[in-house]
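**Q** Give me a 3D structure for the following:
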Amino acid sequence: MSGLFITFEGPEGAGKTTVLQEIKKSLAARGLQVTATREPGGIDIAEQIREVILNEKNTLMDAKTEALLYAAARRQHLVEKVKPALEQGHIVLCDRFIDSSLAYQGYARGLGIDEVLSINEFAIGDMMPNLTVYFSIKPEEGLSRIHANGLREKNRLDLEELSFHTRVREGYHELMKRFPKRFRTIDASQSKERVIEDVQIVINEALKKIQL
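**A** Numbering: from 1, shown residues only. Take a look at the predicted model:
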């Protein structure tokens, strides 16, 4: 792989999706080849799986079913979109990847980080991100942003109790301990402009280490 694989992670309402689009524009303006995508989704099959996972009507979905669906969508997305883009030398910016499954299903749902990691290792092999940008924000603030944003896509995870989102945050903190070299933390409670600046600094540092 000759490109750079960067994932954006964080709790609901952290603003990572908005920032990702701004970063894409900034990198493209510098003449760099950029592919922006998301999980679950990014390609047709994975988007269909996304509709099942996040449908507000599917409140009876079992936690293991949820984890397996995410892994299935991830596999298809990886082979159909992410890998080809990296092979072409692109910077791939992905809104969520394996760490979301580890934090949400592994830790917050109580399935176990190692157990969910095993499912996803089968799906993606050794295809881990070069850099993971974590958007840190208190669950209360993130959920408040969601309720205030009438344009944002609402999904099944938004229906969870505050305690669930608190566990998600704890899960991400555990992952940062496990993978300290890969994670960079951004204070997402700042203004959008400041968050974008901080993310640009982190990505520029990563770009200095490789040749695209």
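**Q** what's the helix or strand of the chain with the lowest mean pLDDT packed up against?
**A** Between all helices and strands in the chain, the lowest mean by mean pLDDT, DSSP states H and E belongs to helix 139-148, at a mean of 88. Applying 3 or more C-beta pairs under 8 Å, 6 or more residues apart in numbering; DSSP states H and E, one finds that helix 139-148 contacts helix 162-178. No exception for glycine: its C-beta is placed from N, CA and C like everyone else's.
**Q** so who does the spatially most central residue of the chain touch?
**A** In the chain, the residue lying closest to the centroid (C-alpha atoms, centre = their mean) is residue 96, at 1.3 Å. Contact analysis of residue 96 by C-beta atoms under 8 Å, 6 or more residues apart in numbering lists 7-9, 38-40.
**Q** Likewise for residue 16?
**A** Applying C-beta under 8 Å, 6+ apart to residue 16 gives the contacts 8-10, 95, 133, 135, 188.
**Q** Return the subset of the residues you listed lying in strands.
**A** Judged by DSSP state E, the contacts of residue 16 include 8-9, 95, 133, 135 as members of strands.
**Q** among these, who's most crowded?
**A** Per-residue neighbour counts (other C-beta atoms under 10 Å) across those peak at residue 8, which has 28 neighbours.
**Q** circling back to that earlier point, tell me which two of the contacts of residue 16 sit farthest apart.
**A** Greatest spacing in the contacts of residue 16, by C-beta to C-beta: 95 and 188 (13.6 Å).
**Q** Tell me the one of the contacts of residue 16 nearest residue 177?
**A** Distances from residue 177 to those, taken by C-beta to C-beta, are shortest for residue 9, at 14.5 Å.
**Q** didn't the closest one look like it was pressed against residue 94?
**A** No: applying C-beta atoms under 8 Å as the test, residue 9 and residue 94 come out as separate, 9.5 Å apart.
**Q** and stretch 31-51, which residues are buried?
**A** Residues of stretch 31-51 classed as buried: 34-43, 46, 49-50 (neighbour count, 16 or more other C-beta atoms under 10 Å).
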